[in-house]
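*Asks:* Requesting a structural model of the entry that follows:
(chains A and B)
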Amino acid sequence: MPGTDLVLHEEEFTKIRDVISRLRTECNAKVVFLVDKNGQQIAANGELNAIDTTALASLAAGNVAATDSLARLIGEKEFSVLFHEGERDNLHISVVGGRVILVVIFDERSSLGLVRLRVKKGSSELAGILDVMLKKSASPRKAAAGGSPFAEITDEDIDKLFSD
Amino acid sequence: MTFINYAAREINCKIVYYGPGLGGKTTNIKYVYEKTNPNSKGKLISLATETDRTLFFDFLPLDLGEIRGFRTRFHLYTVPGQVFYDASRKLILKGVDGIVFVADSQAARMEANLESLRNLDLNLKEQGYDLRSIPYVLQLNKRDLPSALPVEEMKRQLVRKGEPVFDAVAAKGTGVFETLKTIAKMVLLELRKGR
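*Replies:* Purely as a prediction, here's the structure:
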């Protein structure tokens, strides 16, 4: 949907944060991570200190984009779940609501079966919240948060960013 | 497609460097990476072949500071320039907010520039974008080479809509930040319009 910015408001952010935090506990996972399909991080929960979350978001999105194209090449609509197994940590990647990517990082304290089960449940909840978020994003920005803070950006504001 | 996060008070924008193979897209991003304050940049990710040709993309997150209380972040991507990587190029254009076209000034590469530009136009259209309306900057790279075509000749063949044009020698950093600042500014001004 070119031309429509993705806008995340406090209300949906809190809901998303609650869902992924609960999901992490239920999965017994190290990290649960939500990324827009374009590679922008939406929310994250867990042991984030050791991870470059911005890079993770971009690579997860690249991974899903490439896999989606592979799927279409062989006549599939999509591969809705990707699983990468490592020596210690594993990566479970799934697409939620066709628009965002849910990444779960887990080790031997959890299992693929448990993660799959919980992700399935959490995904439908997340899809509902995302629906609201997308509808709000598509509506004029003014209506959403009492006026857009960006309508007033001046050339000076922008020049200041590059002043150093 | 800018991502505005009111909860974290962040604006995230995506800029893609496009152009023919070996034109200097990765060199642009590497120079930005080297010259940027460590606090303002993330890790530079390069998905490249063993011979350092871009295979999928390069990625560099930049933090430009605050604007109206929002942290302004730019995600810079390059596409693989080689003709046969077209499927990858399409993927990287998804959600793009601004494009830098890095043209190779060598006379022998003009045909490659034109082909890449046609390819950009086509790939944008496929995603529902229009080169004429998206923030767009043209960079004429490798101006220091003896075989470089005159600037006026390059402009005549490559300018599409009166876009800003910058001379560059990306390997030495000439023109790199001027190009980046201009495209970033154009993207932010687009945000002001609110679309």
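
*Asks:* buried stuff in stretch A:63-71?
*Replies:* A:63-65, A:67-68 (16 or more other C-beta atoms under 10 Å in any protein chain shown). (C-beta placed from N, C-alpha, C; glycine too.)

*Asks:* ugh, wrong one, I meant stretch B:37-47
*Replies:* B:41-42, B:44-47.

*Asks:* Could you export these to CSV, including columns for secondary structure?
*Replies:* Below are these laid out as CSV (DSSP: H, G, I helix; E, B strand; the rest coil):
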residue, secondary structure
B:41, strand
B:42, coil
B:44, coil
B:45, strand
B:46, strand
B:47, strand
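
*Asks:* Return only those of the buried residues of stretch A:63-71 found close to chain B.
*Replies:* Filtering the buried residues of stretch A:63-71 for neighbours of chain B using C-beta under 8 Å from any C-beta of the partner chain leaves residue A:65.

*Asks:* What about the nearest residue to residue A:41 once chain neighbours are set aside, how many residues nearby?
*Replies:* Among residues not flanking residue A:41 along the chain, residue A:57 sits closest, at 4.1 Å (C-beta to C-beta, 6 or more residues apart in numbering or on different chains). The local packing of residue A:57 (other C-beta atoms under 10 Å in any protein chain shown) involves 26 other residues.

*Asks:* again with the one 3 residues further on
*Replies:* Using other C-beta under 10 Å, residue A:60 is surrounded by 22 other residues.

*Asks:* Double-check that it belongs to a helix.
*Replies:* Yes: Residue A:60 sits within a helix when classified using three-state DSSP.

*Asks:* ok, back up a step: nearest to chain B, of the buried residues of stretch A:63-71?
*Replies:* Nearest to chain B among the buried residues of stretch A:63-71 is residue A:65, at 4.1 Å by C-beta to the nearest C-beta.

*Asks:* just checking, what packs against the one helix or strand the closest one maps to?
*Replies:* Taking DSSP states H and E as the criterion, residue A:65 maps to helix A:53-73. If contacts are counted by 3 or more C-beta pairs under 8 Å, 6 or more residues apart in numbering or on different chains; DSSP states H and E, helix A:53-73 sits against strand A:31-36, strand A:41-46, strand A:81-85, strand A:90-96, strand A:100-106, strand B:45-48, strand B:54-67, helix B:86-93.

*Asks:* I would like the residues contacting that helix, please.
*Replies:* Identification of contacts with helix A:53-73 by C-beta atoms under 8 Å, 6 or more residues apart in numbering or on different chains yields A:33, A:35-41, A:44, A:77-79, A:82, A:93, A:95, A:101, A:103, B:42-43, B:45, B:47, B:56-57, B:59, B:61, B:75, B:87-88, B:91-92, B:94.

*Asks:* Out of those, which end up buried?
*Replies:* Looks like the contacts of helix A:53-73 have A:33, A:35-41, A:44, A:82, A:93, A:95, A:101, A:103, B:42, B:45, B:47, B:56-57, B:59, B:61, B:75, B:88, B:91-92, B:94 buried, using 16+ other C-beta under 10 Å.
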